[in-house]
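> no FASTA, just this:
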């Protein structure tokens, strides 16, 4: 049974964050709020996590668009090839925020993901709960969006709905208030040119 925990972004209980991170370090999974939709997350460096997430979202690892949730831009060189100056300036202006930047991966990414992955989605969410978990963990989270089975509503937004659909599949489901039903704005910078792949939250800031 998943543990359903209420955390308010303006009043975060450090002890609860530490308890969740202890489980994540052992390969556990959590569904957490971001600054857009709710996401399923795990420790980027735990060997079993990618496979677990892919199984839950019913995607083959080489077909799953998993992103990395970072605290800031300081450690990007651990995961990406050198970033062009215009791209970095844009990232610096927009992040933290509801944007996913697709960047050219360096040699560490295929080792972490255990597949020949040429690009990686990078996010720096503007969400206090998400940021607290990343900070306590000490490295990025790997994440995937969770979709609704409803044909009209693409994403589940209410924590209670998420619990109903995902209980027993993950270790923790965090109620961090209602999420958005709109995903991030996705910008592909992997080939040097900036290409808008999807207009989502924050697109008006471009």
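Arrived safely. Computed from a prediction, not measured in an experiment: that's the story for all the values here. Residues are numbered from 1 along each chain as shown.
> Could you double-check that residue 108 sits in contact with residue 76?
No. In this structure residue 108 lies outside contact range of residue 76 using Cβ atoms under 8 Å: 11.2 Å. C-beta coordinates here come from the backbone N, C-alpha and C atoms, glycine included.
> so where is the protein shaky, pLDDT-wise?
Scanning the chain with the threshold set as pLDDT under 70 gives 148-153.
> now the helices: where do they sit in it?
Assigned by DSSP state H, the chain shows helices spanning 14-25, 49-56, 85-94, 108-113, 128-137, 159-166.
> neighbour count winner among residue 108 and residue 76?
Between residue 108 and residue 76, counting by other Cβ atoms under 10 Å, residue 76 is the more crowded of the two (21 against 13).
> my guess is the more buried one contacts residue 124, does it?
No. Taking contacts as Cβ under 8 Å, residue 76 lies outside contact range of residue 124: 9.6 Å.
> Tell me how many other residues crowd the spatially closest residue to residue 10 that is not a sequence neighbour.
On the basis of Cβ to Cβ, 6 or more residues apart in numbering, the spatially nearest residue to residue 10 that is not a chain neighbour turns out to be residue 128, at 7.3 Å. A total of 17 residues lie near residue 128 under the criterion other Cβ under 10 Å.
> if I look at the residue most central in space within the chain, how far off is residue 41?
The geometric centre of the chain, computed from its C-alpha atoms, lies nearest to residue 143 (Cα atoms, centre = their mean), at 3.6 Å. For residue 143, the distance to residue 41 under the criterion Cβ to Cβ, to the nearest Å works out to 5 Å.
> Give me the common contacts of the two.
Common neighbours of residue 143 and residue 41, counting by Cβ atoms under 8 Å, 6 or more residues apart in numbering, are residue 69.
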